[in-house]
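[1] just the structure for this:
(one chain, ligands or ions: 2)
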Amino acid sequence: MPSVYFQTFGCQMNVADSDTIYQLLSQRGFVISDCPDSSDLVVVNTCSVREAAEKRAKSRITEFANKKKGRNQQLWVTGCMAERLGGRLKELIKGVDLVIGAKQMERIGEVIDSVLPQNESSPAVFGKSPVTDFVPVMRGCDNYCAYCIVPYVRGREQSVPYELIEADVKEKISRGVKEITFLGQNVNSYNNEGIDFPDLLLRLSAIDGLERIRFTTSHPKDCTEKLIEAVSSSNKFASHIHLPVQAGSDRVLTLMNRGYTSARYRGLIEMIRKHIPKADITSDILVGFPTESDKEFKETLSLVRDVRFTTAFMFAYSPREGTTAASMTEEISGEQKQERLAELIAVQTGITRSIYKESVGEELEILISGRQEKRTAAWMGQDRGCKRVLLSCTSVEAGMILKVRAVESSGMTLLAERIL
Ligand code: 5AD
Ligand code: SF4
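    Numbering: from 1, shown residues only. Ligands and ions are numbered 1, 2, ... in the order given. Just a heads-up that it's a prediction; the model follows:
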């Protein structure tokens with residue numbers, strides 16, 4: 001049987017896209033390989049969101065291209081960088097056989113069919129399913145935040161019809177999946193035939209066997225009280241809201257084209273905590289946007305201190321060709337950006353540690369995702385929020401939801417004991 005090796009960079013949408021490509025390949029007889037050197041096909045699924053992500057992908061692709069010389073191996077590049085660079089990638093890196101841009105994911109079945117016609121006699125071969133999986137419900141983004149390449153490489157927003165989502169969920173549950181994270185670049189702007197995102201979530205929560213529901217990424221401008229009420233209506237919903245704030249200064253937020261002020265964002269946090277007092281709220285934060293002053297950066301720091309995110313992804317601004325921000329002058333120096341980033345990370349890390357510490361002694365409901373290989377009788381899981389939990393205990397299986405008590409925090413992981 002032919003084999004395929006996947007290397008996936010970037011966000012959870014890319015993980016879901018790699019999985020979709022794998023399912024199509026498995027219908028053509030392919031099996032997963034964990035060794036790129038001996039596989040018949042290598043697929044590199046790329047990210048474009050920051051320059052560093054592209055650099056990493058390019059160097060990995062070059063490595064694969066050099067290794068395959070003289071061998072009968074196919075090298076495909078997919079995803080956002082494939083969309084941005086298109087056919088140029090084949091000239092840039094000799095050895096790339098096929099480029100499939102992110103926008104082609106909408107019709108990926110046809111794309112794969114055109115290079116590998118389907119063999120009726122080979123049914124899909126699936127390996128063991130994970131406990132937790134992803135289902136995209138909308139793709140693309142219409143927001144055009146000034147710094148962001150996503151609307152250009154992923155295209156306009158498109159929501160998946162409910163019937164297809166439900167079929168996808170049920171198929172995953174039948175393979176043992178317990179928890180699904182519903183994905184979209186701007187997931188809470190989902191709208192299909194009059195079904196908005198809160199409606200979608202309520203329908204999904206009625207599906208038997210779906211035990212935990214997560215979703216990402218929410219945009220503050222579409223984070224309504226109706227959405228939060230839906231989330232607090234059933235304990236199938238994780239008590240975790242990822243709500244990227246990006247910056248704390250109103251002038252910078254306006255330049256970024258985010259569509260809210262710092263006061264409005266703080267109001268949203270209050271609204272979320274009113275309905276879900278124990279919610280883990282997490283965020284994405286960008287420092288060094290063109291013209292951001294030191295005082296404005298300090299406003300980001302004070303927002304971070306006030307809101308107390310459980311965790312946050314923090315980035316230094318990286319100009320992306322073709323975006324509005326890329327044509328703005330007055331770039332902050334690379335050194336200054338790194339200094340601001342380090343200061344922000346230090347503040348946020350302190351908050352994360354103290355939030356984890358505050359959880360010690362609490363009763364948690366964790367979904368066991370698998371073993372912790374390095375220790376004996378140790379299992380990994382996640383609580384209803386976003387916290388990682390390590391459980392030392394026997395007679396446990398992946399997929400179980402257990403009541404445990406947090407007994408210690410090692411900073412970014414809670415250690416827990418089973419409550420019998
Ligand atoms: N530079 C740095 N970070 C970026 N992000 C998006 N575009 C850029 C950029 N040009 C960050 C944002 C977004 C996250 C996915 O990546 O914080 O929320
Ligand atoms: Fe990019 Fe803004 Fe769309 Fe998020 S909402 S994908 S940051 S343009």
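[2] near ligand 2, which residues of this protein?
    Contacts of the chain with ligand 2, taken as Cβ under 6 Å from any ligand atom, map to 141, 143, 144, 145, 148, 150, 151, 185, 186, 219. No exception for glycine: its C-beta is placed from N, CA and C like everyone else's.
[3] could you find the closest non-adjacent residue to the first one?
    What that stands for is residue 141. residue 185 (4.2 Å; Cβ to Cβ, 6 or more residues apart in numbering).
[4] equivalent analysis for residue 40, please.
    Leaving aside its sequence neighbours, residue 40 sits nearest to residue 2 (Cβ to Cβ, 6+ apart; 4.3 Å).
[5] for residue 259, same thing?
    If the residues on either side of it in the chain are set aside, residue 259 comes closest to residue 221, at 4.1 Å by Cβ to Cβ, 6+ apart.
[6] distance of that neighbour from residue 244?
    11 Å (Cβ to Cβ, to the nearest Å).
[7] can you list the residues of the stretch 101-250 of the chain near ligand 1?
    So far as Cβ under 6 Å from any ligand atom goes, the stretch 101-250 of the chain lies against ligand 1 at 147, 148, 244, 246.
[8] name the SS class of the third one, please.
    When you say that, I think you mean residue 244. Secondary structure, DSSP: H, G, I helix; E, B strand; the rest coil: residue 244 is coil.
[9] how about low-confidence regions in this protein?
    In the predicted model, the chain carries pLDDT under 70 at residues 119-128, 330.
[10] residue ranges for the helices of it, please.
    12-26, 51-68, 80-85, 88-92, 108-115, 150-154, 162-174, 197-205, 225-232, 250-256, 262-275, 294-307, 334-359 (DSSP state H).
[11] format these as a markdown table; extra columns: mean neighbour count.
    Output for the helices of the chain, formatted as a markdown table (neighbours: other Cβ atoms under 10 Å):
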| stretch | mean neighbour count |
| --- | --- |
| helix 12-26 | 19 |
| helix 51-68 | 16 |
| helix 80-85 | 24 |
| helix 88-92 | 13 |
| helix 108-115 | 14 |
| helix 150-154 | 21 |
| helix 162-174 | 16 |
| helix 197-205 | 20 |
| helix 225-232 | 18 |
| helix 250-256 | 19 |
| helix 262-275 | 16 |
| helix 294-307 | 17 |
| helix 334-359 | 16 |
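[12] could I get the ones you listed as TSV with distance to residue 417?
    Below are those laid out as TSV (distance: least, Cβ to Cβ, whole Å):
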stretch	distance to residue 417
helix 12-26	31
helix 51-68	39
helix 80-85	43
helix 88-92	51
helix 108-115	45
helix 150-154	42
helix 162-174	30
helix 197-205	30
helix 225-232	28
helix 250-256	44
helix 262-275	28
helix 294-307	31
helix 334-359	14
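[13] and these: which comes nearest residue 319?
    Closest approach to residue 319 among these (Cβ to Cβ): helix 51-68, 7.7 Å.
[14] does that closest one reach ligand 1?
    No: using Cβ under 6 Å from any ligand atom, helix 51-68 stays clear of ligand 1, with a minimum separation of 8.1 Å.
[15] give me the helices and strands touching that helix, please.
    Packing contacts for helix 51-68, counted by 3 or more Cβ pairs under 8 Å, 6 or more residues apart in numbering; DSSP states H and E, involve strand 41-46, strand 74-79, helix 80-85.
[16] swap the cut-off to 6 Å and go again
    strand 41-46 (3 or more Cβ pairs under 6 Å, 6 or more residues apart in numbering; DSSP states H and E).
[17] contact partners of the strand it packs on?
    Residues outside strand 41-46 that contact it (Cβ atoms under 6 Å, 6 or more residues apart in numbering): 4-9, 14, 18, 36, 57, 61, 64, 74-82.
[18] contact partners for residue 181?
    Neighbours of residue 181 in contact, by Cβ under 6 Å, 6+ apart: 134, 214.
[19] so how far is residue 197 from it?
    14 Å.
[20] could you chop this structure up by domain?
    Taking automatic domain parsing as the domain assignment, the ranges for the chain are 3-113, 132-358, 363-418.
[21] okay but residue 253 is in contact with residue 245, surely?
    No: applying Cβ atoms under 6 Å, one finds residue 253 not in contact with residue 245, separated by 8.6 Å.
[22] could you find the closest non-adjacent residue to residue 305?
    residue 347 (6.6 Å).
[23] please report the distance of the one you found from residue 303.
    For residue 347, the distance to residue 303 equals 11 Å [Cβ to Cβ].
[24] ok, residue 325 next?
    Here the criterion is Cβ to Cβ. By it, residue 325 lies 20 Å from residue 303.
[25] and for residue 208?
    As judged by Cβ to Cβ, residue 208 and residue 303 stand 41 Å apart.
[26] which residue packs closest to residue 364, ignoring adjacent ones?
    Closest to residue 364 by Cβ to Cβ, 6+ apart is residue 383, at 4.3 Å.
[27] equivalent analysis for residue 85, please.
    Among residues not flanking residue 85 along the chain, residue 92 sits closest, at 7.0 Å (Cβ to Cβ, 6+ apart).
[28] endpoint to endpoint, stretch 41-52 covers what distance?
    In terms of Cα to Cα, to the nearest Å, the two terminal residues of stretch 41-52 are separated by 25 Å.
[29] my bad, should have said stretch 309-322
    From its first residue to its last, stretch 309-322 covers 32 Å (Cα to Cα).
[30] buried residues in that stretch?
    By neighbour count on 16 or more other Cβ atoms under 10 Å, the buried set for stretch 309-322 is 309, 310, 311, 312, 314, 315, 316, 317, 318, 320.
[31] what's the burial count for the closest residue to residue 241 other than its chain neighbours?
    Once flanking residues are discounted, residue 241 sits nearest to residue 281: 5.3 Å by Cβ to Cβ, 6+ apart. With neighbours defined by other Cβ atoms under 10 Å, the count for residue 281 comes to 23.
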